[in-house]
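Visitor: 3D, please:
(2 chains)
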2 protein chains.
Amino acid sequence: MAHLGSSVEYALHCLLYLDQPLAQPVSSGDLADLQGISPSFLAKIFPKLEKAGIVVASEGVRGGYKLARASNTITVLEVIDAVEGRKPLFDCQQIRGRCAIFNNKPPAWMTSGVCSVHAVMLRAEKTMRDELNRTTIGSLTEGIAGKAPAEFAEQLQTWFADRAVTREQTRAVALKKPRARHRSSET
Amino acid sequence: MAHLGSSVEYALHCLLYLDQPLAQPVSSGDLADLQGISPSFLAKIFPKLEKAGIVVASEGVRGGYKLARASNTITVLEVIDAVEGRKPLFDCQQIRGRCAIFNNKPPAWMTSGVCSVHAVMLRAEKTMRDELNRTTIGSLTEGIAGKAPAEFAEQLQTWFADRAVTREQTRAVALKKPRARHRSSET
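Guide: Below is the predicted model:
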């Protein structure tokens, strides 16, 4: 198993889609279907991104999510922390202070300053976090734009628009259903 | 919860003790008691360190573990990999290739090369692993030696020697028990 879970992968790929020129906000359900991932799983990720100020949600039939700010201000590290929480590389339990020789009264030289094992971990964690903080959703999108043909943005817009139309039609049909029939089906 | 578990912390601190000038190999049980950690938990860690060629075990009453090689050739990264296995930062599921627009037949531009999200993770993982690979057990021991008073090594030797003596005395007493009594206690 990897250190980072699939929630991080899903969140990042969704944000890359939200960074495309879309006509309207999109639902997490549509983003899930677009990528063949579980809608219920993704539905739990988006509130975390919203809480972290990475996306904003709008209500209603045409509601959905969009990026909360310019994609070149959203770093990969921020997304990871939003989805998984600020998870340290290492949780130092200060076992250096438990040395039986000193009967739970460790001398100052043994416990002063940061534990040397912890210090290595903190350095490694910092280099990793710094690297993850150097890349933004915007820079990833630029990379994709350099590979994708011009029509991709249009195909994406059409796909989301078709989904919205289908959803509205389904809703309209449901609303038109005769009340009596609706009532009888409820009993 | 941290990315690295307490097994890593225990393993590293044990190796620092094994890097002290000790008169004989020490058991994982003694190392556990010395640090106030679970002996059964530690007993599962040492075979992993042995398998990775970090420690060697010797059998018998005076048996135990010692470092398999010079401590300045054992890196923190090696110890982590030995204890937790080679765990990647990120497990790319290639979800970029599942885009519904292309009906499971993604175009080459979409799937060629390393996924840009995965590439960020690989860079971050590399910087972290490089940093963890830069520090050795030997360099950590040097740091401790710079803080510890001269008598610490002696106190440690005495503690382990006392444990070995107690163990041998307990064993000798057990062997001297009258046979008849031993037999009757078995029935």
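Visitor: ok, which stretches of chain A are strands?
Guide: Using DSSP state E, the strands of chain A run over A:55-58, A:64-67.
Visitor: so where's chain A uncertain?
Guide: Counting by pLDDT under 70, chain A has low-confidence residues at A:178-187.
Visitor: for it, what spans make up the helices?
Guide: A:6-18, A:28-35, A:39-51, A:76-84, A:108-111, A:116-134, A:137-147, A:151-176, A:179-186 (DSSP state H).
Visitor: tell me which of these lies nearest to B:Leu15.
Guide: helix A:116-134 (9.7 Å; CB to CB). (C-beta placed from N, C-alpha, C; glycine too.)
Visitor: how much space separates A:Val165 from chain B?
Guide: Distance, A:Val165 to chain B, using CB to the nearest CB, to the nearest Å: 16 Å.
Visitor: burial count for that residue?
Guide: For A:Val165, the count of nearby residues is 10 (other CB atoms under 10 Å in any protein chain shown).
Visitor: that older thread, could I get the helices of chain A in CSV, plus columns for distance to B:Leu122?
Guide: What follows is the helices of chain A, written out as CSV (distance: least, CB to CB, whole Å):
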stretch, distance to B:Leu122
helix A:6-18, 13
helix A:28-35, 21
helix A:39-51, 22
helix A:76-84, 12
helix A:108-111, 38
helix A:116-134, 10
helix A:137-147, 14
helix A:151-176, 25
helix A:179-186, 55
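Visitor: B:Arg171: which of those is closest?
Guide: Here helix A:108-111 is closest among the helices of chain A (CB to CB), at 32.4 Å.
Visitor: so for that closest one, what gets flagged as buried?
Guide: Buried residues in helix A:108-111, counting neighbours by 16 or more other CB atoms under 10 Å in any protein chain shown, are found at A:Met110.
Visitor: surely A:Ala124 meets B:Lys126?
Guide: No. Counting by CB atoms under 8 Å, A:Ala124 sits too far from B:Lys126 to count as a contact (11.3 Å).
Visitor: and the nearest residue to A:Gly64 once chain neighbours are set aside, how far from A:Gln157?
Guide: Excluding the flanking residues, the one nearest A:Gly64 by CB to CB, 6 or more residues apart in numbering or on different chains is A:Pro25, at 3.4 Å. Distance from A:Pro25 to A:Gln157, counting by CB to CB, to the nearest Å: 13 Å.
Visitor: contacting residues around A:Ala124?
Guide: Contacts for A:Ala124 were tallied using CB atoms under 8 Å, 6 or more residues apart in numbering or on different chains; they are A:89, B:128-129, B:131-132.
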